[in-house]
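**Q** what's the 3D shape of this:
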Amino acid sequence: MGQQVVIHFNSVRKFLTVALLSIFSVVTVNGALGQAPSPPTTAAATTPAPEIEAATIKPVKEPNPNMMHDRTEGRRLTMRYTSLRDLMMMAYEVDPRQIAGGPAWVATDEYDIDLVAAEGVQVNQCEEAVLAELMADRFKLKFHREQRTMAVYVLEVAKNGPKLKAAAEDEQENSGCEHLGVCSFRKRTLANFARFMQFVVMDRPVVDKTGIAGEYDFTLKWTPDESQFNGMGFHVPVPEGTTPLPELFTAIQEQLGLKLEPQKIPAEVLVIDHVERPSEN
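**A** This is a model prediction of the structure:
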């Protein structure tokens, strides 16, 4: 019997866990290749961050990226098995391939983090800013931005046009995967869909170039190959005793009237200039 797993994606940070998201930004494509790098900045310099009242950071003795999880409740943020690279991905909405430089521990060392924001601050309303402040203060993170050529998949409209059902205005967002390769999207934009494909399914960034606005309901059914869902630590089983579904690229075209095209484009990369391991307090 094939592996069964239920995946939901409705939080900013859950793309690294069994609870997954679909609201991250895709690769930024706004600058010429070879553009001069920006000056180094601290992690918190890109956006005003609320003050953090207290934060405890403890190294994880036995790192396990598949155990990462987090929770927000009012002023409190709790994170487990989280690397600095994870924090950068969350705060700056980038793919791991858009983070360069720095020591190896940026991706491999994991931490348990307990954070309390300042009085009157709700973490779930400004979590990116809170994370940026945390990295600047405790990890002493400084980085600059560069444009580099990157292999991506571009989401475009197929020859015969899209096959999408508009979502009702009063409908609730409710999307997820019943199985690996059977995913439903409710009241989602195509930008949301591209982000889900980037962070959950594909082995490279996905850029939405459909030019289609609005929110839609659709289900995508396909047979995943061994290159898909790897970032989630899932093993994709070979279907047995069932009629095989089409492979992903065919399914997207036949079921959604869209297509994924591999391309190389200039994309923004965060280049680490300075970072330090945090003290335990």
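
**Q** can we go C-alpha only for contacts and neighbour counts from here?
**A** OK.

**Q** could you list the low-pLDDT ranges of the stretch 1-150 of the chain?
**A** For the stretch 1-150 of the chain, applying pLDDT under 70 flags the ranges 1-50.

**Q** would you map the helices across the stretch 151-281 of the chain?
**A** Using DSSP state H, counting those that start in this stretch, the helices found in the stretch 151-281 of the chain span residues 190-196, 248-256.

**Q** for Met67, find the nearest of the ones you listed.
**A** For Met67, the closest of those is helix 190-196, at 19.7 Å, according to Cα to Cα.

**Q** packing partners for that closest one?
**A** Applying 3 or more Cα pairs under 8 Å, 6 or more residues apart in numbering; DSSP states H and E, we find helix 190-196 packed against strand 206-208.

**Q** for the record, mean pLDDT for the strand it packs on?
**A** What strand 206-208 shows for mean pLDDT is 91.

**Q** with stretch 274-281 instead?
**A** Mean predicted lDDT for stretch 274-281 stands at 88.

**Q** which one of the helices of the stretch 151-281 of the chain is the most hemmed in?
**A** helix 190-196 (a mean of 23; mean count of other Cα atoms under 10 Å).

**Q** what separation is there between the residue sitting nearest the centre point of the chain and Ala166?
**A** Here the mean C-alpha position of the chain is nearest to the C-alpha of Phe199 (Cα atoms, centre = their mean), at a distance of 4.4 Å. For Phe199, the distance to Ala166 equals 24 Å [Cα to Cα, to the nearest Å].

**Q** what comes up buried for stretch 159-175?
**A** Residues of stretch 159-175 classed as buried: 162-163, 167, 175 (neighbour count, 16 or more other Cα atoms under 10 Å).

**Q** narrow those to those in strands?
**A** Among the buried residues of stretch 159-175, no member is found in strands (DSSP state E).

**Q** ok, so of the residues you listed, who is nearest Gly214?
**A** Gly214 lies nearest to Ala167 out of the buried residues of stretch 159-175, by Cα to Cα, at 8.3 Å.

**Q** for Phe185, see how far away that closest one is.
**A** 10 Å.

**Q** same check on Lys58?
**A** Applying Cα to Cα to Lys58 and Phe185 gives a distance of 37 Å.

**Q** out of these two, which sits in the busier spot?
**A** Legend: neighbour count by other Cα atoms under 10 Å for Lys58 and Phe185, higher for Phe185 (23 against 16).

**Q** residue contacts, the more buried one?
**A** Phe185 sits next to 174-176, 193, 216-219 when contact means Cα atoms under 8 Å, 6 or more residues apart in numbering.

**Q** any idea which of those residues is closest to Leu87?
**A** Distance to Leu87, by Cα to Cα, is smallest for Phe193 among the contacts of Phe185, at 22.1 Å.

**Q** okay, now the residue lying closest to Lys140 once chain neighbours are set aside: neighbour count?
**A** Distances taken as Cα to Cα, 6 or more residues apart in numbering place Val275 nearest to Lys140, at 5.3 Å, with adjacent residues excluded. Val275 has 19 neighbours, counted by other Cα under 10 Å.

**Q** the chain should start at 221 in everything you say after this.
**A** Renumbered: residue one is now 221, and that last one reads Val495.

**Q** so who does Val495 touch?
**A** Val495 makes contacts with 322, 359-362, as judged by Cα under 8 Å, 6+ apart.

**Q** among those, who's most crowded?
**A** Result: Leu361 is most packed of these (other Cα under 10 Å), 25 neighbours.

**Q** thinking that residue is in contact with Glu353, fair?
**A** No. Between Leu361 and Glu353 there is no contact, the gap being 9.6 Å when judged by Cα atoms under 8 Å.
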